[in-house]
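# build me a model:
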Amino acid sequence: MARTYLRLMLAVAGLFARLDARCLNQVAALYPNERTIAADIAVLVFEAPAAAVQDAINEGYPALPEKPKLLPLPSSLNVPRDKHLVIVTTGINNDIRQKTLVDLMIDGSLRQSSVIVPYTTTGRSSTPLSAPLVAYIAGADPSKNPALAGAIPALVATATGGLLSLIGVFIPQNLPYQLDGTGTDGRQLYSSGTKWSLIPNPVSGPGVVPQAFDVNFSPEAAPKYPLLELKKMLNFPYILNAPYNLVPLVGIQQCQRNTYFTNFDTAQVQNISGRVTFGSAGEGPGVILDGTLQKASPNGIYTGAHGFLACTQLVGYSPAIGEGCETAARNVDPNSLL
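Model prediction:
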């Protein structure tokens with residue numbers, strides 16, 4: 001008991017210490033021709049009804065005649081057969097670099113969040129992949145028009161990258177998450193909120209800004225899922241959406257590796273647990289009707305979420321063209337699991 005308490009207190013201290021933390025991009029020199037980012041993120045994984053998760057995937061890939069499908073989960077995860085896992089991430093992308101003919105770097109940080117379904121695949125394959133449902137992006141500096149700062153990255157990711165990305169509104173805007181106080185159990189309470197900036201109205205009053213999802217979490221001394229399993233899921237290649245996979249009948253299925261490395265001293269990995277609350281835009285564009293994942297749980301709330309936060313090093317391989325899904329899966333860097 002004393003050891004568990006000590007671990008929890010150390011986790012609390014670590015979370016508080018890294019609330020304002022930023023780590024530099026340490027992988028740009030190692031991968032000069034890829035997109036590289038220092039991503040300070042919180043990752044939460046939760047169980048949802050498998051049928052609803054498949055419906056969300058079907059809705060999220062409207063241009064694909066053959067939708068990505070769910071794979072059985074490893075028995076070691078102890079997830080009921082009628083459930084599947086969903087990943088949400090929220091955080092800040094810092095020091096974003098990519099080399100083309102010249103060295104490119106985004107001026108400033110980007111706030112981001114995303115919803116991803118791991119253990120999916122395409123066609124008759126049994127290779128584990130991930131189906132990203134949506135990402136939200138905005139600038140992290142409130143004084144520099146966050147929506148404008150996120151507009152180009154969101155457009156490029158959606159139109160040419162095959163990853164649905166929308167302009168987001170975040171609470172907090174300039175931090176990956178915020179400290180809300182201390183719970184009755186003595187654990188610190190943290191949160192992050194994401195909305196879709198559909199029709200902003202910063203001048204005269206309310207705009208059309210549908211709720212996407214909120215995450216609430218605290219330090220966790222006894223994680224539900226092994227860190228290795230979480231890293232595996234987070235690093236499955238993404239199944240790309242249109243424009244890449246409009247012609248699956250010819251056997252072309254493109255994916256992209258977005259690989260998170262936590263084997264750097266600056267990662268400061270911390271276990272967390274909490275809940276995720278979905279709104280109408282939780283898994284993609286939604287304004288009036290409840291979203292699929294929102295309807296699948298009372299009040300859109302999923303408790304029992306577990307995960308980690310870390311200042312990761314992110315490498316996005318071949319962001320302009322993707323690669324074959326089987327090739328991408330074979331080439332996931334094993335160092336990402338360290």
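# how about the helices in the protein?
2-17, 50-60, 146-159, 227-234, 292-295, 325-330 (DSSP state H).
# okay, the ones you listed, which one's buried deepest?
Across these, averaging neighbours per residue (mean count of other CB atoms under 10 Å) puts helix 292-295 on top, at a mean of 23. Any C-beta I mention is one placed from the backbone N, CA and C, and that applies to glycine too.
# now residue 40: how far from residue 25?
Using CB to CB, to the nearest Å, we find residue 40 at a distance of 12 Å from residue 25.
# so for those two, which sits in the more crowded spot?
For residue 40 versus residue 25, neighbours defined as other CB atoms under 10 Å are more numerous around residue 40 (26 against 18).
# that one contacts residue 90, doesn't it?
No - judged on CB atoms under 8 Å, residue 40 makes no contact with residue 90 at a distance of 10.0 Å.
# which residues are common contacts for residue 40 and residue 25?
By CB atoms under 8 Å, 6 or more residues apart in numbering, residue 40 and residue 25 have these common neighbours: residue 94.
# ok, residues contacting stretch 198-210?
147, 169, 195-197, 279-281, 285-287.
# please compute how far that stretch lies from its chain's middle.
25 Å (CA atoms, centre = their mean, to the nearest Å).
# likewise for stretch 175-186?
21 Å.
# buried sites along it?
Using 16 or more other CB atoms under 10 Å as the burial criterion, the residues of stretch 175-186 that qualify are 175-177.
# then stretch 232-243?
So, applying 16+ other CB under 10 Å, buried residues of stretch 232-243: 232-241.
# so where's the stretch 51-200 of the chain uncertain?
Applying pLDDT under 70 to the stretch 51-200 of the chain picks out residues 99-106.
# okay but residue 309 is in contact with residue 267, surely?
No - Residue 309 is beyond contact range of residue 267, at 9.7 Å (criterion: CB under 8 Å).
# and which of the contacts of stretch 198-210 is nearest to residue 255?
For the contacts of stretch 198-210, the minimum distance to residue 255 (CB to CB) is 22.9 Å, reached by residue 285.
# and the pLDDT for that closest one?
Per-residue confidence (pLDDT) for residue 285: 79.
# residues in contact with it?
Applying CB under 8 Å, 6+ apart to residue 285 gives the contacts 166, 196, 198.
# the helices of the chain: which one's closest to residue 214?
helix 292-295 (11.6 Å).
# what's in contact with that closest one?
Contacts of helix 292-295 (CB under 8 Å, 6+ apart): 48, 52-53, 55-56, 59, 86, 115, 278-280, 282-283, 300.
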